[in-house]
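Asker: Just to be clear, the model below is a prediction. Sequence and coordinates:
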Amino acid sequence: MKLMKLSFRRLTLCLTPRLLHRLKGRMRWVRAAGCVVSDPEGNLLLIRRNGRWDLPKGKVEAGETLCQAALRETLEETGIPVQLAGPRPSPLKTYHIYNLYGGWHLKQTSWFAARCAGVKPLGLAQQEEGITGVVWVSPDEWRRRLRRSYGTMRILSRSRLVAGA
């Protein structure tokens, strides 16, 4: 049986496909995509959003693939152009539930390993999205900071994407 992880505040649940299907029928479904980005020296990218460490991600626009959305959101939020790592990207999916404007949403985020192209640029934060910083840190520091962030970030801090980034 395939299980998926769902983060709800500080609680992480495992979902069966059947339970996921039932939740999708009761909540607004949101698709998003983002990147776990490495530089040529093996450092990893983090952003500071609304006072917490996070990764670049955002909603998938109409007519856009998950890969296109992940690359676009990373560029928009950080100012750093990236490429997907490997010829056949396989995303890691995380789920979380939130209440916004009086309605519950189930958000699926597809995460891709990516590399910054060429020279490591200095990122520019997209302040209108609540982003106040863009930093490169060692993999150990990256994991340490994400463990104190959102539940989905804790899941990613232990994921296979870090090795693939």
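Answerer: That came through fine. Numbers count the residues shown, from 1 in each chain.

Asker: Show me which residues of stretch 75-86 are buried.
Answerer: For stretch 75-86, the neighbour count (16 or more other C-beta atoms under 10 Å) marks 75, 77-78, 80, 82, 84-85 as buried. Just so you know, the C-beta spots here come from the backbone N, C-alpha and C atoms, and that holds for glycine as well.

Asker: and that stretch, how far apart are its ends?
Answerer: Start to finish, the residues bounding stretch 75-86 are 19 Å apart (C-alpha to C-alpha, to the nearest Å).

Asker: Over to stretch 34-43?
Answerer: Between the opening and closing residues of stretch 34-43 we find a distance of 17 Å, counting by C-alpha to C-alpha.

Asker: per-residue pLDDT, the residue most central in space within the chain?
Answerer: For the chain, the residue lying nearest the average C-alpha position, counting by C-alpha atoms, centre = their mean, turns out to be residue 34 (4.2 Å). Looking at residue 34, its pLDDT reads 96.

Asker: show me what contacts the closest residue to it other than its chain neighbours?
Answerer: Of all residues not flanking residue 34 in the chain, residue 57 sits nearest, at 2.6 Å (C-beta to C-beta, 6 or more residues apart in numbering). For residue 57, the contacting residues are 32-35, 70, 73, 77, 109, 111, taking C-beta atoms under 8 Å, 6 or more residues apart in numbering as the criterion.

Asker: Adding distance to residue 101 and secondary structure, write those out as CSV.
Answerer: Listed next are the contacts of residue 57 as CSV, based on distance: C-beta to C-beta, whole Å; DSSP: H, G, I helix; E, B strand; the rest coil:
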residue, distance to residue 101, secondary structure
32, 17, strand
33, 23, strand
34, 23, strand
35, 28, strand
70, 26, helix
73, 22, helix
77, 22, helix
109, 20, strand
111, 26, strand
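
Asker: could you dump these to a markdown table with distance to residue 62?
Answerer: Shown next, in a markdown table, are the contacts of residue 57 (distance: C-beta to C-beta, whole Å):
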| residue | distance to residue 62 |
| --- | --- |
| 32 | 14 |
| 33 | 14 |
| 34 | 18 |
| 35 | 21 |
| 70 | 16 |
| 73 | 15 |
| 77 | 20 |
| 109 | 18 |
| 111 | 21 |
